[in-house]
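Chemist: no sequence for this one, just the structure:
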């Protein structure tokens with residue numbers, strides 16, 4: 001901005017949006033001071049850099065406003081967790097299916113954890129069967145299996161993501 005510009009010449013755009021072409025930086029600064037405005041580098045990585053004559057405070061305010069608006073429209077994806085045991089009743093299973101569908105409809109990822117205790121570890125194949133049953137029952141939903149069922153410690157985990 002202003003005297004901090006180290007380039008010898010800049011491509012100048014004035015406050016009205018008129019392109020003046022490539023001009024020496026000192027001449028561009030004089031034009032900015034005559035208009036009682038600032039000379040700001042818009043694209044410093046180009047050769048020669050693009051500079052614009054404008055009110056820097058107003059420009060900075062506009063940039064912050066745009067960034068805030070973009071952040072407001074942004075949706076953060078959360079990972080929702082559904083914990084179950086492999087000895088689950090049919091009604092409880094249906095409730096878990098509905099909650100997974102609700103989480104996916106909200107745009108969140110879902111982690112399904114099938115917990116096993118003690119001797120249940122010997123029957124881990126039943127937990128994998130339940131995980132595959134989840135995949136089978138949810139295949140017509142708009143979701144993708146992000147991670148296949150896998151054994152992590154005493155749990156079988158499975159990840160779903162919205163498409």
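Modeler: Yes, it's here. These numbers come from a predicted model, not from an experiment. Numbering: from 1, shown residues only.

Chemist: determine the three-state secondary structure at residue 94.
Modeler: helix (DSSP: H, G, I helix; E, B strand; the rest coil).

Chemist: show the pLDDT at it.
Modeler: Looking at residue 94, its pLDDT reads 95.

Chemist: try residue 35
Modeler: 88.

Chemist: this protein: strands as residue ranges?
Modeler: Ranges of strands within the chain are 9-13, 19-24, 38-43, 50-54, 79-85, 109-115, 143-152, 155-162, based on DSSP state E.

Chemist: buried ones in the fifth one, by neighbour count?
Modeler: Of the residues in strand 79-85, those scored as buried under the neighbour-count criterion (16 or more other C-beta atoms under 10 Å) are 80, 82, 84. Bear in mind the C-beta positions are built from the backbone N, C-alpha and C, glycine included.

Chemist: returning to that earlier point: for the strands of the chain, which one sits closest to residue 65?
Modeler: Of all the strands of the chain, strand 50-54 sits nearest to residue 65, with 15.1 Å by C-beta to C-beta.

Chemist: tell me the confidence at the closest residue to residue 59 other than its chain neighbours?
Modeler: Excluding its sequence neighbours, the residue lying closest to residue 59 (C-beta to C-beta, 6 or more residues apart in numbering) is residue 40, at 6.3 Å. Looking at residue 40, its pLDDT reads 90.

Chemist: beta partners of residue 40?
Modeler: residue 52 (DSSP bridges).

Chemist: list the contacts for it?
Modeler: 1, 51, 52, 53, 54, 56, 59 (C-beta atoms under 8 Å, 6 or more residues apart in numbering).
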